[in-house]
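Asker: Return atomic coordinates for the entry below.
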Amino acid sequence: MAEGNREKVTQKVAEIAERAGERDGIEVVDVELLGGGRSRVLRIFIDKPQGVTHADCEMISHHVGTVLDVEDVIPGGSYTLEVSSPGVERKLSKPREFERFTGQKVKVVLRQPVDNQRTWTGTLKAFNQGVVTLEPAPGKDIQFPLEQVEKANLKFEW
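Answerer: Got it, this is the predicted structure:
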């Protein structure tokens, strides 16, 4: 499957899952289509403010699976559908996620270095008008536009 097709499929799956979870306040965090041939895996990561339950995963799986089969969204037949929560070190990519997790510890990999460094870990201080403010050390803030973020995750403290 070409990368462009894979992206179209994951976008369509995300739209279907968003509609399915909207009533219950379920947000689609990410959709991945991995593998090829008969060993393809379609993963949908969902979240909601009070936490995801097994019943939430089941409902999304059933609803999305039915729509995918009826509309033949995944070309080529067989695939495995997995629905789960994003976990404690969830990926951050959407502006609303940066707003929601202000005050949390995050790890960010940038496309271009800031202060000669591409990888930063610190407290997400603010997200305002597309600009992320990160506090990597007490009293030191760095700022960068959201477009500069290659990868960002919450960082769980053990």
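Asker: Do a quick rundown of the helices in this protein.
Answerer: 3-22, 54-71, 95-100 (DSSP state H).
Asker: Count the residues that sit near the residue nearest to Leu146 when sequence neighbours are not counted.
Answerer: Excluding the flanking residues, the one nearest Leu146 by Cβ to Cβ, 6 or more residues apart in numbering is Gly130, at 5.1 Å. Every residue, glycine included, has its C-beta placed from N, CA and C. Around Gly130 there are 10 other residues, counting by other Cβ atoms under 10 Å.
Asker: hang on, the earlier thing: out of the helices of the chain, which gets nearest to Lys48?
Answerer: Evaluated with Cβ to Cβ, the helices of the chain place helix 54-71 nearest to Lys48, the distance being 7.0 Å.
Asker: by how many degrees do that closest one and helix 3-22 diverge?
Answerer: 130 degrees (axes from the mean of the first three to the mean of the last three Cα atoms, to 10 degrees).
Asker: Output the contacting helices and strands for helix 54-71.
Answerer: The helices and strands touching helix 54-71, judged by 3 or more Cβ pairs under 8 Å, 6 or more residues apart in numbering; DSSP states H and E, are helix 3-22, strand 41-47, strand 80-84.
Asker: In the protein, which strand is the longest?
Answerer: Of all the segments of type strand in the chain, defined by DSSP state E, the longest one is strand 117-128.
Asker: neighbouring contacts of that one?
Answerer: Taking contacts as Cβ atoms under 8 Å, 6 or more residues apart in numbering, the residues outside strand 117-128 that touch it are 95, 98-99, 101-112, 114, 132-137, 141-142, 146, 150, 155.
Asker: between the helices and strands packed on helix 54-71, which gets nearest to Glu58?
Answerer: Of all the helices and strands packed on helix 54-71, strand 80-84 comes closest under Cβ to Cβ, at 7.8 Å.
Asker: buried stuff in that closest one?
Answerer: Leu81, Val83, Ser84 (16 or more other Cβ atoms under 10 Å).
Asker: What is the burial count for the nearest residue to Asp56 once chain neighbours are set aside?
Answerer: The shortest distance from Asp56 to any non-neighbouring residue, by Cβ to Cβ, 6+ apart, is to Ile26 (5.9 Å). Close neighbours of Ile26, defined as other Cβ under 10 Å, add up to 20.
Asker: if I read this right, Ile26 contacts Cys57, doesn't it?
Answerer: No: Ile26 lies out of contact with Cys57 (Cβ atoms under 8 Å); the separation is 9.5 Å.
Asker: Identify the contacts common to the two.
Answerer: Ile46.
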